[in-house]
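Engineer: heads up, no residue letters with this:
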DNA sequence: GTCGATACATAAGAGAATTATGCATGTAAG
DNA sequence: CTTACATGCATAATTCTCTTATGTATCGAC
């Protein structure tokens, strides 16, 4: 399946984990495909997560104990639900703060107000 | 020479070109090392450009016609001054707008106000 | 005379994404 | 009824950008 380019491909690097954790924190139990749709909706079509980035990222977050999974059968289709853990919740807080700091720094370097 | 880690290494990916172009637009003629010091100063020590990233990036921008160079001998030391071109100036405008859009999008996805 | 700062540059390696591919089900249109 | 698109998972090959490491060399201070 074709996946169109995102709005700012390079800028998004490094933000994927933060996005996944935050969306899961805000929306509770979600599965991969559902996350891509939610992010697409929130970003008004500007962030289109690719499977090649999404699934490895989810697996990594799970391996690190930041997410928990639960596999469910819907008819004959497999669905893997993800939930954020306590550890994940504390990390997402840090990540959002870090992102805010990053914007502050960039604002100073680029001499631009981002308000 | 050792180069300490930057504040948010992953987040910075993709912003290097924008930083270089904008700093050169704001400060006129500058050489590599001078740029690292200026960026360090503007970012209050949070962005420490490494040579391995800086020089290839400058060479690439030059090859693309976004920067012009002028080599000068200071005593026995070589210095390569960079100036932003007209093409470069129009690109930096776009890049800053793009970065602003990126923040807006991230703000919507993370449901956080970045003001 | 040695260390740290100044000043350039390239190569090897790592990390995170894109692109491509694979498998499989559900459903709407023609 | 078959074809295309959406749903749903996953991994492999490749690309891109940066870090880390290395190399060369000048200058000033101690």
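Structural biologist: On my side now, so go ahead. Predicted, not measured: the structure shown is a model, and the values here were computed from it. Numbering: from 1, shown residues only, chains lettered A, B, ... in the order given.
Engineer: quick one: the strands in chain A?
Structural biologist: Assigned by DSSP state E, the strands in chain A fall at A:30-31, A:67-74, A:77-84.
Engineer: What residues sit buried inside the longest helix anywhere in chain A?
Structural biologist: Secondary structure of chain A per DSSP state H: the longest helix is helix A:86-110. Using 16 or more other C-beta atoms under 10 Å in any protein chain shown as the test for burial, helix A:86-110 gives A:88, A:91-92, A:95-96, A:98-99, A:102-103, A:105-110. Using the backbone N, CA and C atoms, a C-beta is placed for each residue, glycine as well.
Engineer: ditto for stretch A:61-80
Structural biologist: Under 16+ other C-beta under 10 Å, the buried positions of stretch A:61-80 are A:61, A:62, A:66, A:67.
Engineer: is it up against chain B anywhere?
Structural biologist: No - residues of stretch A:61-80 contacting chain B under C-beta under 8 Å from any C-beta of the partner chain: none, with a closest distance of 14.6 Å.
Engineer: quick one: contacts of the lowest-mean-pLDDT helix or strand in chain A?
Structural biologist: Least confident helix or strand of chain A, by mean pLDDT, DSSP states H and E, is helix A:9-12 with a mean of 76. Applying C-beta atoms under 8 Å, 6 or more residues apart in numbering or on different chains, the contact partners of helix A:9-12 are A:6, A:47, B:13, B:14, B:15, B:98, B:99, B:102.
Engineer: out of everything not next to it in sequence, what's closest to the fourth one?
Structural biologist: The reference is to residue B:14. Residue nearest to residue B:14 in three dimensions, not counting chain neighbours: residue A:10, with 2.9 Å by C-beta to C-beta, 6 or more residues apart in numbering or on different chains.
Engineer: how many neighbours does that neighbour have?
Structural biologist: 15 (other C-beta atoms under 10 Å in any protein chain shown).
Engineer: just for chain A, where's the confidence low?
Structural biologist: Filtered on pLDDT under 70, chain A yields the residue ranges A:1-9.
Engineer: Just want the most central residue of it.
Structural biologist: Using C-alpha atoms, centre = their mean, the residue of chain A that lies closest to the mean C-alpha position is residue A:20, 2.2 Å off.
Engineer: Looking at chain A, which residue is nearest DNA strand C?
Structural biologist: residue A:52 (1.8 Å; C-beta to the nearest atom of the strand).
Engineer: For that residue, give its distance to residue A:12.
Structural biologist: 14 Å (C-beta to C-beta, to the nearest Å).
Engineer: Over to residue A:53?
Structural biologist: Using C-beta to C-beta, residue A:53 is found at 9 Å from residue A:12.
Engineer: Up against chain B, what does chain A have?
Structural biologist: Counting by C-beta under 8 Å from any C-beta, chain A sits next to chain B at A:7-15, A:18-19, A:22-23, A:26, A:39, A:42-44, A:46-47, A:96, A:98-103, A:105-106, A:108-112, A:114-115.
Engineer: show me which of these neighbour DNA strand D.
Structural biologist: The subset of the residues of chain A next to chain B within reach of DNA strand D, by C-beta under 7 Å from any atom of the strand, is residue A:10.
Engineer: re earlier: for the strands of chain A, give me a markdown table that also has distance to residue B:72.
Structural biologist: Listed next are the strands of chain A as a markdown table, based on distance: least, C-beta to C-beta, whole Å:
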| stretch | distance to residue B:72 |
| --- | --- |
| strand A:30-31 | 58 |
| strand A:67-74 | 55 |
| strand A:77-84 | 55 |
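Engineer: Please identify which of those strands is closest to residue B:77.
Structural biologist: strand A:67-74 (53.0 Å; C-beta to C-beta).
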